[in-house]
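Chemist: sequence first, then the predicted structure:
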Amino acid sequence: MLIQLSNKDAHRCTMLGYDTVKLCEMQGFPPRLENKSQSREEANVFGFKAEFAVARLFGLEPPDLNVTSDYGVDLWWDDFSIDVKFSNKEDGDLIFDTMDKFKSQIAILVTRTENENVMNIVGWMGRKEFEKKCHQVNLGYGDRLIVEAKKLKPIEELWLKIQELKHSPKG
């Protein structure tokens, strides 16, 4: 599902991306970057754009600046935690460094498009399902856990799943 960000949201993502890098530098540690084809600032900006796209799609509170860490949670949908993963590849896959890094209940994959303010929300998967379906791949900077995009659930199904979990009879 393609999501067009407003100019205001795109500007806010740019500020958040640059501010995040500056705060890291001010604290004396270089921000992590494993992609030599873009700056750390640009990578952070696109990460925020992905998070804003998901927030706008589902009417969630957008992310804010985190000084130390988001502790594996980018967004909250009521009491459900979401980790938004971004790929610069239009056909990118859902990737985590380790299962310990998958701290949220849900992961949503967002990929880049030709338009830098249009994000493609590819699909989603719960943590337990990811753990069952993932496999290890070395992408040139160490082993990572991966589930191919084609194995993700359609993003439209996430709304229904959340509503079922919130409103199903208990007991």
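Modeler: The structure has been received and is ready for your questions. Numbering: from 1, shown residues only.
Chemist: who are the neighbours in contact with residue 10?
Modeler: With contacts defined as C-beta atoms under 8 Å, 6 or more residues apart in numbering, residue 10 is in contact with 49, 116, 117. C-beta: built from backbone N, CA, C; applies to glycine.
Chemist: mind pulling up the pLDDT for residue 72?
Modeler: We have a pLDDT of 82 for residue 72.
Chemist: which stretches of this structure have low pLDDT?
Modeler: Residues of the chain meeting the criterion pLDDT under 70: 30-35, 66-70, 171.
Chemist: spell out for me which residue occupies the centre of it.
Modeler: residue 84 (1.8 Å; C-alpha atoms, centre = their mean).
Chemist: residues making contact with the one helix or strand it maps to?
Modeler: Assigned by DSSP states H and E, residue 84 falls within strand 80-87. By C-beta under 8 Å, 6+ apart, the residues outside strand 80-87 that reach it are 46-47, 49-51, 54, 60, 72-76, 93-96, 102-112, 162, 165.
Chemist: next structured bit after it?
Modeler: Assigned by DSSP H and E, the successor of strand 80-87 is strand 94-96.
Chemist: ok, residue 40 touching residue 23?
Modeler: No. Using C-beta atoms under 8 Å, residue 40 makes no contact with residue 23, being 11.9 Å away.
Chemist: okay, the two: which has more neighbours?
Modeler: Comparing residue 40 with residue 23 by neighbour count (other C-beta atoms under 10 Å), the higher total belongs to residue 40, at 18 against 14.
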